[in-house]
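Chemist: Here is a sequence together with a model predicted from it:
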Amino acid sequence: MKLLVCLSGLLLSFNCLAVPALNLSEVAPGVYMHQSNEHWPDRHNHGDIANIGFIVGTQCVAVIDSGGSPQQGMALRHAIQQTTSTPICYVINTHVHPDHIYGNLAFKTAGVKFVGHHKLARAMASRAPHYLSRADEVLNIKVNQDHIIPPDIEVKDSLNLDLGNRIIRLTAHPAAHTDNDLSVFDQTTQTLWLADLLFLEHIPVIDGSLKGWLTELDKLAKQPYRLVIPGHGKPVSHWPLGMQAEKQYLSQLAQDIRSYIKNGKTLEQAVSNIGINNPNQWQLAEQFHRKNITIAFAELEWED
Amino acid sequence: MKTFSFILSVLLSLSSNVFAEGDDITWNSTLKTQFFNGKSIEESNDTIDLEVPYRAEDPAIVPIKVTSKLAQSKEHYIKKIWLFVDKNPFPFVGEFEFFPESGKADLAMRVRVNTYSNIRAIAETNDGKFSMSKKFVKASGGCSAPIGANLDEAMSRLGKVKFRLDEGVTAGQASLAQLMISHPNLTGMQMDQITRFVRKSHFIDQLKVSFNDKPVLKAKIDIAISADPNFRFYFVPDRPGELKAEFSDLSCESPVSRDVCKNVGHYSQTYTVNP
């Protein structure tokens, strides 16, 4: 079996031995997470910027996001095999962004089902050509259409997956961070893998709907999770306290933009003038804040 | 003082060098002959000036603005303004006709920019002269990732129209109007090698704005206009009346050819103005 994995690795032009196992920690019993030290994807980290990992049941392993490069996918797979002999049954993609899906191909073997939001395939179709065209230059990785694997199982509202003495509940959210966000709740440990619906340290990035995101946060705040895993930043054990920074940033942004719209100000004025209350709280504000304003302005000017 | 202005001019020329990163290859090889065959076009900001952000925050929503340097009068006015994003798969953004009744041939909108490119605006005045203003913009992915944020939301309110007159209106004065049209303006660029999702281009192709049946702005536009097209322009409300927007949309088989297209719908919306 190991030989087979190595062979398929070689076919994908990776040297099996050269891919070390990914660094993971068990954040809750049977819940493993790789936390990246970096937030900005570049040619050195090859897109290893998101939190990815897996959950182990008695029958099945469910991978949650496959990483930002084919190599990272291989490293995750390697780490899973070092951790458990339980087979991988599912690869769950929490949304379309490359740092969460570029490792997919490492898991494409018989018996593995890919799982995603019912709008994930559409987002992949419309986004992938652009992402792929930039990967070599931005991330220094080789990826093509084979690495973009749409879900075999599409989640419309919610879906329970039985990993063997362990049920995980997948929820397809309305447009928020993207229009294809999927979260994973592990009932056994009361852990919510929220992925990019929750940002810590890394400034929240809007690629779906600001209004929708705030609505989802309000709903999520009412649940008593023991542990919440963000897409970027450290896991949160105090809930909903752990979402306050993100919520504050997003609601302030909505409030400021609404006031600009109401007063007849233009998108250009909003982009140049709307600031951040606690700029030191966030990394990558320079890269994403004005983009957030732009996309949110275009959304909010149609809200009434 | 002389030293100062010398330094200033050095700085200015440096900065203009820094910003002159775009090339004119597409313009010289294709666009110029395709749209302005045999015409002489002066490159100058004396008739119109084009403003674009140097770095686009969101390549699918890049705000651009043309400011005219002359008031529209029956004797001397800007007849037409063309806009192009050189490096887009379909560079033609639109051609916009103005009238003496427009008051001022200023125009602002949001466009898609697919890659680092020059954007250019060409104006034709009623005396048959052409002048061009161009700017370079750093952006990436505006056309191939167009149905990003929330396509379903955009589809559900397709055809909805809003007028805004945020600066108020004064009788007889050129007054700023904002026209917002809800439309996903699909580019048809998304290559379907992965899934079953094929979206043809579907975009607003004709737009006419009039005030009391006198033309204010007439435009032929294309897929480079961002989703939910948004235009700011001037009109002169000489008396109470109706501002009217009429537009139609088109769906084409290919994103970069307009040979095989079919009309989808016609829309119209009026707005009462009391200066």
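Modeler: Great, that's in hand.

Chemist: In space, what's closest to residue A:301 - neighbours in sequence excluded?
Modeler: residue A:261 (5.2 Å; CB to CB, 6 or more residues apart in numbering or on different chains). Just so you know, the C-beta spots here come from the backbone N, C-alpha and C atoms, and that holds for glycine as well.

Chemist: Report the secondary structure state of the one you found.
Modeler: helix (DSSP: H, G, I helix; E, B strand; the rest coil).

Chemist: what's the answer for the one 10 residues further on, then?
Modeler: Assigned state for residue A:271: helix (three-state reduction, three-state DSSP).

Chemist: Surely it touches residue A:292?
Modeler: No: using CB atoms under 8 Å, residue A:271 is not in contact with residue A:292, being 9.8 Å away.

Chemist: Neighbour count: those two, which is higher?
Modeler: residue A:292 (25 against 21; other CB atoms under 10 Å in any protein chain shown).

Chemist: Could you check how far that one is from residue A:243?
Modeler: 17 Å (CB to CB, to the nearest Å).

Chemist: Also residue B:180?
Modeler: Taken as CB to CB, the span from residue B:180 to residue A:243 is 33 Å.

Chemist: Please pull out the lowest mean pLDDT helix or strand from chain A.
Modeler: Every helix and strand of chain A was ranked by mean pLDDT, DSSP states H and E. The lowest is helix A:2-11, at a mean of 41.

Chemist: need the next SSE after it, C-terminal direction.
Modeler: strand A:25-28 (DSSP states H and E).

Chemist: Given that following strand, what are its sheet partners and their directions?
Modeler: strand A:31-34 (antiparallel) (DSSP bridges).

Chemist: name the helices or strands packed onto the helix or strand just after the strand it pairs with?
Modeler: Of the helices and strands lying after strand A:31-34 in sequence (DSSP H and E), the nearest is strand A:52-56. The criterion is 3 or more CB pairs under 8 Å, 6 or more residues apart in numbering or on different chains; DSSP states H and E, and the helices and strands that strand A:52-56 contacts are strand A:31-34, strand A:61-64, helix A:70-83.

Chemist: quick one: buried residues of the longest one?
Modeler: Using 16 or more other CB atoms under 10 Å in any protein chain shown as the burial criterion, the residues of helix A:70-83 that qualify are A:70-81, A:83.

Chemist: what residues does the very next helix or strand once past that helix touch?
Modeler: The C-terminal neighbour of helix A:70-83 among helices and strands, as given by DSSP H and E, is strand A:88-92. Strand A:88-92 has contacts (CB atoms under 8 Å, 6 or more residues apart in numbering or on different chains) with A:54, A:59-66, A:77, A:80, A:104, A:107, A:111-116, A:149, A:153, A:161, A:163, A:170, A:182, A:184.

Chemist: secondary structure element for the residue in the stretch 51-200 of chain B that chain A sits nearest to?
Modeler: The stretch 51-200 of chain B approaches chain A most closely through residue B:166 (2.6 Å), counting by CB to the nearest CB. Of the helices and strands defined by DSSP H and E, none includes residue B:166.

Chemist: Setting aside sequence neighbours, what's the nearest residue to it?
Modeler: Nearest residue to residue B:166, sequence neighbours excluded (CB to CB, 6+ apart): residue A:264, at 2.6 Å.

Chemist: Repeat that for residue A:58.
Modeler: Closest to residue A:58 by CB to CB, 6+ apart is residue A:164, at 3.5 Å.

Chemist: related to what we said a few turns ago, Throw the buried residues of helix A:70-83 into TSV and include pLDDT and distance to chain B, thanks.
Modeler: Output for the buried residues of helix A:70-83, formatted as TSV (pLDDT from 0 to 100; distance: CB to the nearest CB, whole Å):
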residue	pLDDT	distance to chain B
A:70	97	16
A:71	97	21
A:72	97	21
A:73	98	17
A:74	97	21
A:75	97	25
A:76	98	22
A:77	98	22
A:78	97	27
A:79	97	28
A:80	98	26
A:81	97	28
A:83	97	31
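
Chemist: Contact residues of the stretch 51-200 of chain A facing chain B?
Modeler: A:121-122, A:124-130, A:133-134, A:145, A:148, A:150, A:175, A:179 (CB under 8 Å from any CB of the partner chain).

Chemist: Going through those residues, which ones are buried?
Modeler: Buried among these (16+ other CB under 10 Å): A:121-122, A:124-130, A:148, A:150, A:175, A:179.

Chemist: residue ranges with poor pLDDT in chain A?
Modeler: Within chain A, the ranges that satisfy pLDDT under 70 run A:1-18.

Chemist: For it, which residue gets nearest to chain B?
Modeler: Counting by CB to the nearest CB, chain A gets nearest chain B through residue A:264, at 2.6 Å.

Chemist: Would you agree that residue is in contact with residue B:167?
Modeler: Yes: if you go by CB under 8 Å, residue A:264 and residue B:167 touch, sitting 7.1 Å apart.

Chemist: Same drill for those two, tell me which one is more crowded.
Modeler: When residue A:264 and residue B:167 are compared for neighbours, residue A:264 comes out ahead with 14 against 11, by other CB under 10 Å.

Chemist: For my notes, confirm the more buried one occurs in a strand.
Modeler: No: checked against three-state DSSP, residue A:264 lies outside a strand; its state is coil.

Chemist: which residues touch it?
Modeler: By CB under 8 Å, 6+ apart, the contact list for residue A:264 reads B:164, B:166, B:167.

Chemist: Name the nearest residue to residue B:39, ignoring sequence neighbours.
Modeler: Nearest non-adjacent residue to residue B:39 (CB to CB, 6+ apart): residue B:130, at 5.4 Å.

Chemist: residues near residue A:40, how many?
Modeler: 10.

Chemist: which residues sit in contact with it?
Modeler: A:49, A:283, A:284, A:287.

Chemist: secondary structure class for the last one?
Modeler: Meaning residue A:287. What three-state DSSP gives for residue A:287 is helix.

Chemist: So residue A:256 sits against residue A:276, correct?
Modeler: No: counting by CB under 8 Å, residue A:256 stays clear of residue A:276, with 9.8 Å between them.

Chemist: Looking at those two, which is more packed in?
Modeler: residue A:256 (19 against 16).

Chemist: secondary structure element for the more buried one?
Modeler: helix A:244-262.

Chemist: same deal with residue A:211?
Modeler: Counting by DSSP H and E, residue A:211 is part of helix A:210-221.

Chemist: which parts of that helix are buried?
Modeler: A:210, A:211, A:212, A:213, A:214, A:216, A:217, A:220.

Chemist: Give me the distance between the residue of chain A closest to chain B and residue B:104.
Modeler: Taking CB to CB, one finds residue A:264 at 18 Å from residue B:104.

Chemist: For stretch B:43-52, measure first residue to last.
Modeler: 17 Å (CA to CA, to the nearest Å).

Chemist: which residues does residue 21 contact?
Modeler: In the absence of a named chain, chain A is used. Counting by CB under 8 Å, 6+ apart, the residues that residue A:21 touches are A:75, A:78, A:79, A:82.

Chemist: my bad, the chain I had in mind was chain B
Modeler: Per CB under 8 Å, 6+ apart, neighbours of residue B:21: B:116, B:136.

Chemist: swap the cut-off to 6 Å and go again
Modeler: Residues in contact with residue B:21 (CB atoms under 6 Å, 6 or more residues apart in numbering or on different chains) are residue B:136.

Chemist: Can you classify it by secondary structure?
Modeler: coil.

Chemist: Return the member of the buried residues of helix A:210-221 nearest to residue B:68.
Modeler: Nearest to residue B:68 among the buried residues of helix A:210-221, counting by CB to CB, is residue A:210 at 34.7 Å.

Chemist: Setting the sequence-adjacent residues aside, check what's closest to that closest one.
Modeler: Using CB to CB, 6+ apart and skipping the chain neighbours, the partner closest in space to residue A:210 is residue A:296 (4.2 Å).
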